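A.B. asks: Turn this into a structure:
(one chain, ligands or ions: 1)
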Amino acid sequence: MQPIPETSTGRALREALRAAWSGLAALTEPDVSRKPSPDQWSAKEILGHLIDSASTNHQRFVRAQTMPDLMGLTYDADSWVMSQCYQDAPWEDLLVLWRFYNLQLARVMESIPETHRTRPRHPHPMAHAGWCPVPEDQPATLEDLMHDYVGHLKHHLKKILG
Ligand code: NI
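C.D. replies: Now for the predicted structure:
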């Protein structure tokens, strides 16, 4: 069996999970249910949003290996969070789902062959990416998309953990 190459994005994702875990696990149900204002997400809803991001990007990362471009799935963050009632779910359930989903994503990242990871793609949705923007008229790579995924995850974790 060939050793799995360790990519920097896969490693960054594992490190982000490890760094946040004890802080997230120490939060109490009242802490994570509190909404700063009626139209702002609670910690539960932020973590739910990260689960939605994981499931959407799982599809993107796997499908991009058999498709020439990076277009495809988008989702409306607010309506996904509202429609799934993350606010009513036990924190522990959300945490475990989020963690194991991301461990699978780290495995996906680490197993994507270099040729797929670095192939220039056009069109792509990275022009408005928050952490790894690529102009619309330039090609982007799957590595850019994965890098942006980890940046988005760390941004929201920082919001939960303060
Ligand atoms: Ni977000």
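A.B. asks: can you count the residues close to Ala77?
C.D. replies: As a burial measure, Ala77 scores 15 neighbours (other C-beta atoms under 10 Å). Where you see a C-beta, it was placed from the backbone N, CA and C, and this is true even at glycine.
A.B. asks: who's in contact with His156?
C.D. replies: Contacts of His156 were listed using C-beta atoms under 8 Å, 6 or more residues apart in numbering, and they are Ile46, Leu47, His49, Leu50.
A.B. asks: can you put those in a markdown table and add pLDDT and distance to Gly151?
C.D. replies: Formatted as a markdown table, these follow (pLDDT from 0 to 100; distance: C-beta to C-beta, whole Å):
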| residue | pLDDT | distance to Gly151 |
| --- | --- | --- |
| Ile46 | 98 | 15 |
| Leu47 | 98 | 17 |
| His49 | 98 | 15 |
| Leu50 | 98 | 12 |
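A.B. asks: So which of those belong to helices?
C.D. replies: Of these, the ones assigned to helices by DSSP state H are Ile46, Leu47, His49, Leu50.
A.B. asks: about what we covered before: and of the contacts of His156, the nearest to Ala127?
C.D. replies: His49 (21.5 Å; C-beta to C-beta).
A.B. asks: who's in contact with stretch 17-30?
C.D. replies: Ala43, Leu47, Pro90, Trp91, Leu95, Arg99, Asn102, Leu103, Ala106, Leu157, Ile160, Leu161.
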